Structure formats: C-alpha cells, structure tokens
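# Give me a 3D structure for the following:
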Amino acid sequence: MLFVFRNSARRSLPYTGFAGPWINSLPTRLSVRHSPSNLTLCLPTMDRGIKRKAETTSELPKKTIKIDGYCSTPARRTSTGEEIWPAPRDQLESAYKFVRECATAQKPTLIVPDKDADGLSAGVIMYRTLIKLGLEEKNLSVHLVRKGSNIHEEYERKAMSEMKASYVIVLDQGSRGGLPVIDDESAKCMIIDHHLSDDFPKNATVVSGCHCPPIPTTALMTYEICKELHPDIAQEYGYLCAIGTHGDLGNTLKWIPPFPDMKETFKKHTKKVINDCVSLINAPRRTGTYDVITAWKALLGAEDPKEIMTDKRLIEARREINQEVEKKTHTPPKFSKDGKIAVLKIESEAQVHPVIATRWAGFLKSKALEIVMVANYGYLPGKVNFSCRVARCARGRDPPVNIIESLKAIANLDTTDLVERLGENFARGHKEASGGIVNAAEFEELCELMKVGEKAEKSEQEASTKKVGKSPQKNTLNNYFMKP
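Got it, this is the predicted structure:
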C-alpha cells in the first residue's frame, strides 16, 4: 500500500524549517489499518492567510423541564362517569339553592372576599349576581379582613357579627375547622373556596374545589355557580373570572376543558388587559398601608377592565410594589442541609414575599431543590410571614412536591411542642403554593430543624474533582497510526 503525502501540505506550512521536525516526529513504525488501496492521506495544513475553523462536535441537547398544562390534570369522575368539577355535585346544588334563597329573602347579606385578585373578583361576581337575581343593593355589604388577619380571628368574627347579617358568603378563605363564622345561630353562611382542607367552620354550607383537579380558583367556581342562575352572567362577567383565575394560576394558563371556553371573553378583552388588571388589583393589598378597599371599589365600579387601567391609586400602588420587589429580590438564598429548601430572609412592611418566592422558584436549579421559601420579618411586628413555592426544576417530579406535607414533616422533627406553638396559621394554602404566619422565635426553630446554611456532607466521590470526559471526536490519527 502506498501513502502519498501531498506537497501542498508542506508548501502550506508557515516556515519550511518546521516541516521536517514535524514530519520526523511521526512514528517510524506504522501499523497500517486495512483500508481502500487508493487511500490518499492528507496531512493537516497550516495556511498563514486562512484561519482554520474549529471542528464542531455534536452536543447532546440540553434537558428541558416538560411541564404539563394545568388543565391537563385528569378530573375525578363518579361511578357513572360524570366529572366531579369544579366541586362535588351535591355542593353545587346546595350553592344554587343558597344564592337563590339569599336573593329572594331581601335580608342583610354580607360578602367576605379574600384580599387578592381571585377573592375580590369572586366577590364582585357574587355581588352583581345577587343584584341581578333581585336582591336590593341596600341589603348588601362587604367585610375585608385586616392586614395579616383571617376570618377565624376573634376580632374579625366580632366585627362581622356586628353587621347583623342574615346571610354571609365567604369567598376564597375560611377553609379551616372551628367555630361558626359569626356568633348568630339564625344567620346562614356559605363558604366557596379552593384551599386544601377537609375541615370547615361549623354550620356552614361548603363548596370546596380542593379535591377536584384541575383545582379551580374561587373566582372560577363562583362564575360557574352564578352563570347557572342568570343568563347574562357568562357573557358579562367572564372577564372577572379571567382576572381572578390568572391572578392565582398565572397568565400562561391554557383554557381547555374542564375549564370553560373563554374565547369570546378574550376577543372582547385581550389577555394583556386582563393580566395588567391582575397586577393592578393585587398591588394595593401588597403595600404597607394594605389598601384593599381601593382595589375592591375599582373592581366593583368598573363596567369594563379598561376602566381599571386608569385608576391612579392602583397605578401608584403597583409602582410602589415594583420598587420594593426590586429592592428585596436580590437577597441571596441559603439552603437547608439536604438542599431541598432554599430560604431567603427579608424585612419589608409590604407583602412582597410571595412575589419574590415566585421569582426565585423560576430561577434556582438543582437536582435536590424542591421548595423556595421567602420569610418576611417586617410585615407584622414580632411575626414572620413566609411564602413557599415549588421550584420550577422540581415540577413534574414523581411523586410531586407537596409543600404542606414537607413543612409539617419538618415541624414534626421537633421533640417538644413546636407544632402546637406554630399554630393554625402554619402551612396553609395549596400543595404547590403554601406559607404561614408564625412567631419569629418559632420560625427560627424551624430553620434550625431544616439546618439552613449548613453544608451537606459530601461523599469522597462527590468531593473529588470531575474527570475530564473523552473527546466526542471518533476519527483521530490514533485510528491510523499505532505506537509500537
């Protein structure tokens, strides 16, 4: 077999003096690999005026996290195949009856919505539906709980009782066992909520979607109930349903069954307008002044979502919150010893901890990370308000991350009475988005149980330096020339 070294190789070297040593460095003894008889071997050229392009190597595609759409979660079904959504059928029937009775009774009615876009939107849908069904507006009133409070606090129960309502409708809150909503045995109460709970206040008519996947928002549940009671609801209040639902589930939600068809709503009101309304409605309750009443009045008084966009107080509140989020969001996280929880501690009078938790949950990545927790030491005196979100890198894992169970499991590591001292406001909300309000001392104990800031003990294999991987290139000179 004849090897032909083309002269072009030698001519193309920068200096002929380099050619000899380079060629002489080749092995004198060659083991020839079987190859075609007409093989021509071209040595690498080194043209001075032409830059050689680096050989590209095929890279494995980066792993992407595939997250199924929220609405793709299979709905539960009855033995006859009927979907159990947005709540069990018997609960929905009870809700229809309650609302009709309330409207025709013409008695004082109290609506108690939660403070966020979901709760306030649900409240406006219910408020307007009752009026359409004939309830005089003079019989309607609204109660908004104080900053950092809930309807189960004694002073809130007292404030609601003083309004002498015959009917009380609680929206997007109240999913906790305990005393009746108000201390009036003659008053009737209905709770529409989606937060995880199997216990509720005594003597209440309950409509809960917490066990009806894909879990609906309270605004969506209220919309589904009310549109069965009056023909105008679906067309006129679809935007309120969208504001509340996007407020809880985000602006990338795909409206597919069992969620209602909202194409007509989004033709009339673009998603950009809806999403801008969400941020404006949520802004006042996040400020240090906790100006929820402004958001309620703006939402109730607007006949079109574009009217909300021009409210000066809402715009100012959003600007204030954006500045505070930007100021506090750069706090570096510390991790639990097992790496499953990232903890960020901030101090702010504004309710920015949920926003910051959501941001970091989409940013941090690791194989161990499951939960991002943001603890606010400045929202309420002597308390820590904390919000938890499932890290984006942990979504879709099997089994799925359950924040509530994880928090309770950590608290149960304590051998004293920490669980009791954490109280009923610990680990509330949803499996994917939870949090709580606890005393600062108890929260520090919780951090000690998580061993926040302690480095994990690495095995010798993990501590060793990474080995350099083999080159992906398979066709090399070694395939042709072998050392003796």
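# Tell me which stretches of the stretch 201-350 of the chain form helices.
Secondary structure of the stretch 201-350 of the chain (DSSP state H, counting those that start in this stretch): helices located at 218-226, 233-236, 238-249, 263-268, 271-286, 292-301, 305-308, 312-328.
# Just want the angle from the third one to helix 271-286.
For helix 238-249 and helix 271-286, the angle between their directions (axes from the mean of the first three to the mean of the last three CA atoms, to 10 degrees) works out to 60 degrees.
# looking just at contacts, which helices and strands does helix 238-249 meet?
Counting contacts by 3 or more CB pairs under 8 Å, 6 or more residues apart in numbering; DSSP states H and E, helix 238-249 packs against helix 117-132, helix 218-226, helix 263-268, helix 271-286. Glycine gets a C-beta too; all of them are placed from N, C-alpha and C.
# May I have the residues that are in contact with residue 76?
83, 84, 85, 211, 212, 213 (CB atoms under 8 Å, 6 or more residues apart in numbering).
# My read is that residue 383 contacts residue 440, right?
Yes. Residue 383 is within contact range of residue 440, at 6.6 Å (criterion: CB atoms under 8 Å).
# so where is this structure shaky, pLDDT-wise?
For the chain, the stretches flagged by pLDDT under 70 are 1-68, 458-484.
# quick one on the thing from earlier: would you mind giving the helices and strands packed on helix 238-249 as JSON lines with mean neighbour count added?
Shown next, in JSON lines, are the helices and strands packed on helix 238-249 (neighbours: other CB atoms under 10 Å):
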{"stretch": "helix 117-132", "mean neighbour count": "26"}
{"stretch": "helix 218-226", "mean neighbour count": "29"}
{"stretch": "helix 263-268", "mean neighbour count": "13"}
{"stretch": "helix 271-286", "mean neighbour count": "22"}
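# Dump those helices to JSON lines, plus distance to residue 452.
What follows is the helices and strands packed on helix 238-249, written out as JSON lines (distance: least, CB to CB, whole Å):
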{"stretch": "helix 117-132", "distance to residue 452": "31"}
{"stretch": "helix 218-226", "distance to residue 452": "33"}
{"stretch": "helix 263-268", "distance to residue 452": "43"}
{"stretch": "helix 271-286", "distance to residue 452": "26"}
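# Of those, which is nearest residue 292?
Across these, residue 292 has its closest neighbour in helix 271-286 (4.6 Å, CB to CB).
# contacts for the closest one?
Identification of contacts with helix 271-286 by CB under 8 Å, 6+ apart yields 115-117, 120-121, 239, 242-243, 246-247, 251, 266, 290-292, 294-295, 298-299, 305-306, 308-309, 311, 313-315, 317-318, 320-321, 350-352, 355.
# 7 Å instead, please
Outside helix 271-286, the residues within contact range by CB atoms under 7 Å, 6 or more residues apart in numbering are 115-117, 120, 239, 242-243, 246-247, 251, 291-292, 294-295, 299, 305-306, 308-309, 311, 314-315, 317-318, 321, 350-352.
# Whichever of these end up buried, select them in ChimeraX.
The ChimeraX command for the buried members of the contacts of helix 271-286 (criterion: 16 or more other CB atoms under 10 Å) is given here:
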select :115,116,117,120,239,242,243,246,247,291,292,294,295,299,305,308,311,314,317,318,321,350,351,352
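# Settle it for me: which of residue 383 and residue 440 has more neighbours?
Between residue 383 and residue 440, counting by other CB atoms under 10 Å, residue 383 is the more crowded of the two (19 against 13).
# What helix or strand is the residue nearest to that one when sequence neighbours are not counted located in?
Using CB to CB, 6 or more residues apart in numbering and skipping residues adjacent in sequence, the residue nearest residue 383 is residue 437, 5.6 Å away. Residue 437 is part of strand 433-439 when elements are defined by DSSP states H and E.
# mind listing what residue 402 touches?
Contacts here follow CB under 7 Å, 6+ apart; on that basis residue 402 touches residue 431.
# Please shift the residue numbers so they start at 453 in all later answers.
Fine by me, first position is 453 from now on; the one you just mentioned is residue 854.
# Would you check how far apart it and residue 734 are?
25 Å (CB to CB, to the nearest Å).
# My read is that residue 863 contacts residue 872, right?
No. Assessed by CB atoms under 7 Å, residue 863 is found out of contact with residue 872, at 9.8 Å.
# more neighbours, the two?
Higher neighbour count among residue 863 and residue 872: residue 863, with 20 against 8, using other CB under 10 Å.
# can you tell me which residues contact that one?
870, 871, 874, 898 are the contacts of residue 863 under CB under 7 Å, 6+ apart.
# Can you report how many residues lie near the spatially closest residue to it that is not a sequence neighbour?
Once flanking residues are discounted, residue 863 sits nearest to residue 871: 5.1 Å by CB to CB, 6+ apart. By other CB under 10 Å, 14 other residues sit near residue 871.
# any idea where the strands of the stretch 553-702 of the chain begin and end?
Along the stretch 553-702 of the chain, the segments classed as strands by DSSP state E, counting those that start in this stretch run 561-565, 592-594, 619-623, 640-645, 656-660.
# nearest to residue 826, of the ones you listed?
Of all the strands of the stretch 553-702 of the chain, it is strand 640-645 that lies closest to residue 826, at 24.0 Å by CB to CB.
# how many degrees apart are the closest one and strand 561-565 in direction?
Angle of strand 640-645 versus strand 561-565, following the same axes, to 10 degrees, is 20 degrees.
# quick one: strand 640-645 to helix 670-678, angle?
130 degrees.
# Can you show me the CA trace of strand 640-645 as PDB?
Only the C-alpha atoms of strand 640-645 are listed here, as PDB (Å, rounded to 0.1, in the frame of the first residue of the first chain):
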ATOM      1  CA  LYS A 640     -76.800  31.300  57.300                       C
ATOM      2  CA  CYS A 641     -73.300  31.000  56.000                       C
ATOM      3  CA  MET A 642     -71.800  29.700  52.700                       C
ATOM      4  CA  ILE A 643     -68.100  29.200  52.000                       C
ATOM      5  CA  ILE A 644     -66.700  28.900  48.500                       C
ATOM      6  CA  ASP A 645     -63.000  28.100  48.500                       C
END
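# Direction included, what does it pair against?
strand 619-623 (parallel), strand 656-660 (parallel) (DSSP bridges).
# which one of those has the most crowded surroundings?
With neighbours defined as mean count of other CB atoms under 10 Å, the strands paired with strand 640-645 peak in mean count at strand 619-623, which reaches a mean of 27.
# how far is that one from where the chain is centred?
27 Å (CA atoms, centre = their mean, to the nearest Å).
# Need the contact partners of that strand.
By CB under 7 Å, 6+ apart, the surrounding residues in contact with strand 619-623 are 554, 557, 559, 561-566, 571, 574-575, 578, 603, 612, 633-634, 639-644, 670, 674.
# what's the answer for stretch 803-812, then?
Under CB under 7 Å, 6+ apart, the answer for stretch 803-812 is 737-738, 773, 776-777, 780-781, 785, 794, 796, 798, 824-826, 828, 831, 837-841.
# Next, the buried residues of that stretch.
In stretch 803-812, counting by 16+ other CB under 10 Å, buried: 803, 804, 805, 806, 807, 808, 809, 810, 811, 812.
# which ones are touching residue 747?
Counting by CB under 7 Å, 6+ apart, residue 747 makes contact with 572, 733, 736, 737, 766.
# between those residues, which is closest to residue 816?
residue 737 (26.6 Å).
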